[in-house]
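Colleague: Structure here, sequence nowhere to be found:
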């Protein structure tokens, strides 16, 4: 059974710092891995999708990497801003297309 | 274009009552998913539809939970005889249907069972 873990559970940084969020999964037989952000009381916004054949994806200040063999993905946020404050979730797609979610990292960026 | 929509956004019901939650996927998306987000359990998969059929119902927690999809579009999640442990945010997502496709989520329905 696929299990997804995210470290750290919470992170507080001053504005402008570069930061890394970690995601690990127990079963490397995934189709892809998706990173989301969730603002309080809101749904999930998709940030990046990395296919199993890819090593990384970039969108603006965000870069996500995937290492299937070690069961890890990282989300790198460059030059963090207060508007980046949210909960970040990673999710691995397994058979029948369902996503298995991590427990999330709650990020607070202070001005 | 329009994203995934869900209704109602909030629902408060008494224990023992039945509730229906609705999801309108992105137009043309053949795959539809229901997830549940609760404080103690995080975000968990409930059911997956491809067209009107549900090849994976493995996440439905009990036979009080059922879902259907009609016309390859709108889906309804029904919870019968609600219990307090059913209180959660119910999220719906859709995708274009390819195995490698991205899932897009709706804003969710917050269900509170009193």
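Modeller: Arrived safely. Here the structure is a predicted model, which means the values were calculated and not measured.
Colleague: going forward, measure contacts and count neighbours with C-alpha atoms only.
Modeller: Fine.
Colleague: Quick check: phi and psi on the residue of chain A found nearest chain B?
Modeller: Among residues of chain A, the one nearest chain B by CA to the nearest CA turns out to be residue A:43. It sits 4.0 Å away. Main-chain dihedrals, residue A:43, degrees, to the nearest 10: phi -80, psi -160.
Colleague: In this structure residue B:78 contacts residue B:20, no?
Modeller: Yes: counting by CA atoms under 8 Å, residue B:78 does reach residue B:20; the two are 4.5 Å apart.
Colleague: out of those two, which sits in the busier spot?
Modeller: The neighbour comparison of residue B:78 against residue B:20 (other CA atoms under 10 Å in any protein chain shown) goes to residue B:78, with 17 against 14.
Colleague: residue contacts, the more buried one?
Modeller: When contacts are counted by CA atoms under 8 Å, 6 or more residues apart in numbering or on different chains, residue B:78 is found next to B:18, B:19, B:20, B:21, B:64, B:65, B:66, B:67.
Colleague: What are the boundaries of the helices in chain A?
Modeller: Applying DSSP state H to chain A gives no helices.
Colleague: Residues of it that sit close to chain B?
Modeller: Proximity of chain A to chain B is assessed by CA under 8 Å from any CA of the partner chain, with A:31-32, A:34, A:42-46, A:49, A:51, A:96-103 identified as the residues in range.
Colleague: Kindly recompute the last result at 6 Å.
Modeller: A:42, A:43, A:44, A:103 (CA under 6 Å from any CA of the partner chain).
Colleague: Scan these and report the most crowded one.
Modeller: Tallying neighbours with other CA under 10 Å puts residue A:44 at the head of these, with 23 neighbours.
Colleague: Quick one: residues contacting that residue.
Modeller: Listed by CA atoms under 6 Å, 6 or more residues apart in numbering or on different chains, the contact partners of residue A:44 are A:37, A:38, B:105.
Colleague: And the second one, how far from residue B:45?
Modeller: Right, residue A:38. Applying CA to CA, to the nearest Å, one obtains 17 Å for the distance of residue A:38 from residue B:45.
Colleague: Also the last one?
Modeller: As for residue B:105, its distance to residue B:45 is 13 Å (criterion: CA to CA).
Colleague: If anything else comes up later, I'll come back, but that's it for now.
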